[in-house]
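Peer 1: Please work out how this folds:
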Amino acid sequence: MSSNKQAFLLLFLGLGLASPVLGQNGSADRLPAEILDVRAPSERISGSPGSMQILDRSCRAMPGAELRSRIVNAAVQEWAYFGFTVLDYTDIEVSSATRSNSRRRWSLLDPEQALRLADSIAGYWAAAPDSGWILQRQNNTWNSRGMSSRWRDPWSAAFISWVMCESGLGDEARFARAVAHHTYIDQAIQARDNGDDQVAFQAFEIGEREVLPGDMLCRGSRPAYQSVAERRNHLGVGARTHCDIVVKVDTEMPGFHVIGGNVRATVGMKLLPGTKTASGFIKPVPYGNRALFAHLKLDAEPLPLNALDLSPTMQVLDCSMPSTNLIASAPALPAAVRTEETC
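Peer 2: Residues are numbered from 1 along each chain as shown. Alright, predicted model coming up:
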């Protein structure tokens with residue numbers, strides 16, 4: 001493992017010991033609105049596990065000038081709130097061990113954590129249309145199997161729907177929020193084919209365009225799509241797919257930091273491998289026995305490639321630690337610049 005990746009992983013292994021803004025479980029509180037104007041997903045929900053109800057399905061209508069940063073910053077904050085899970089798929093040995101451990105232990109969350117995060121996940125579902133029956137089915141599961149039961153329905157598409165809803169993409173014509181990823185993947189494919197510039201994302205083959213923070217990378221498991229062209233033949237047909245939001249493009253690794261929902265039952269970050277192309281940008285490559293098939297490119301002004309490091313969540317964490325903390329001392333790890341203005 002490179003020193004850059006080692007430093008990154010050591011940082012998040014050590015966060016719980018170093019920062020006063022972190023909880024006992026190593027998670028970070030969500031930021032106040034004056035620092036990051038993102039409403040907690042739990043505010044959309046009433047009741048406790050077993051009797052939860054959706055109160056609010058509304059989405060924000062906001063100008064598109066800061067769309068990429070809102071998407072990245074919302075995703076990073078949820079990752080921090082869930083506890084900074086990092087899965088490294090850039091190392092063959094680590095990747096194989098992670099897959100094996102995933103089979104042995106489905107969830108990273110203990111019962112106490114699962115209970116703490118229940119209303120947040122329910123809030124993600126609130127942003128996905130036609131999801132009321134899913135929450136009711138989960139209430140039934142909690143009542144019959146106990147409050148620590150994991151979510152019976154995969155919620156990764158609900159997480160993406162919430163991020164886009166909270167970031168200002170509430171209009172279905174711009175982003176098709178849904179309980180399954182293939183709905184908005186198909187929308188992005190059709191937008192590209194039809195030249196529809198009203199849709200926020202357009203679908204490209206892997207390596208066809210430069211990947212930037214705020215874009216999404218998608219893979220398929222059933223079917224195991226290898227290209228957008230393969231999915232184009234199945235438009236409108238259900239498929240088991242998953243997309244993650246790119247929050248950083250690492251030119252040294254090289255590869256990508258992506259955040260997604262329901263990553264081993266949490267909002268988790270993955271380190272995905274890449275390779276430098278002749279055009280000078282980083283292209284995703286297969287990892288283990290997995291391959292990405294679609295790059296959903298956001299129609300918005302670009303962010304710096306290290307958008308993760310510049311997010312309000314990471315800036316506040318950096319400022320909360322002593323100047324000799326892991327972020328500052330880790331070799332080759334980009335960090336927030338500690339100044340009176342930022343801290």
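Peer 1: show me where this protein has helices.
Peer 2: For the chain, the helices identified by DSSP state H occupy 3-18, 67-82, 92-104, 111-126, 132-145, 156-167, 181-194, 228-232, 307-310, 312-320, 326-329, in order along the chain.
Peer 1: Ser58 is nearest to which of these?
Peer 2: Set against Ser58 and scored by Cβ to Cβ, the helices of the chain come closest in helix 156-167, at 8.2 Å. Yep, even glycine has a C-beta here, placed from its N, CA and C like the rest.
Peer 1: Now the closest one: buried residues?
Peer 2: By 16 or more other Cβ atoms under 10 Å, the buried positions in helix 156-167 come out as 156-167.
Peer 1: and the angle for it with helix 132-145?
Peer 2: 130 degrees (axes from the mean of the first three to the mean of the last three Cα atoms, to 10 degrees).
Peer 1: pull the CA atoms of helix 156-167 into PDB?
Peer 2: Provided in PDB are the C-alpha atoms of helix 156-167 (Å, rounded to 0.1, in the frame of the first residue of the first chain):
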ATOM      1  CA  SER A 156     -28.300   3.100  -1.500                       C
ATOM      2  CA  ALA A 157     -30.600   4.700  -4.200                       C
ATOM      3  CA  ALA A 158     -32.600   6.400  -1.400                       C
ATOM      4  CA  PHE A 159     -29.300   8.000  -0.200                       C
ATOM      5  CA  ILE A 160     -28.500   9.300  -3.700                       C
ATOM      6  CA  SER A 161     -32.100  10.600  -4.000                       C
ATOM      7  CA  TRP A 162     -31.700  12.500  -0.700                       C
ATOM      8  CA  VAL A 163     -28.400  14.000  -1.600                       C
ATOM      9  CA  MET A 164     -29.800  15.300  -4.900                       C
ATOM     10  CA  CYS A 165     -33.000  16.400  -3.300                       C
ATOM     11  CA  GLU A 166     -31.200  18.300  -0.600                       C
ATOM     12  CA  SER A 167     -28.700  19.800  -3.100                       C
END
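Peer 1: What average pLDDT does that helix get?
Peer 2: Mean pLDDT, computed over helix 156-167, is 98.
Peer 1: again, but for stretch 60-80
Peer 2: Averaged across stretch 60-80, pLDDT comes to 92.
Peer 1: Which pLDDT does the model give the nearest residue to Thr251 once chain neighbours are set aside?
Peer 2: Residue nearest to Thr251 in three dimensions, not counting chain neighbours: Ile282, with 6.3 Å by Cβ to Cβ, 6 or more residues apart in numbering. Here the pLDDT value assigned to Ile282 is 96.
Peer 1: picking that back up, same list (the helices of the chain) but as a markdown table, adding distance to Pro49.
Peer 2: Converted to a markdown table, those look like this (distance: least, Cβ to Cβ, whole Å):
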| stretch | distance to Pro49 |
| --- | --- |
| helix 3-18 | 25 |
| helix 67-82 | 17 |
| helix 92-104 | 25 |
| helix 111-126 | 5 |
| helix 132-145 | 4 |
| helix 156-167 | 16 |
| helix 181-194 | 25 |
| helix 228-232 | 36 |
| helix 307-310 | 32 |
| helix 312-320 | 26 |
| helix 326-329 | 35 |
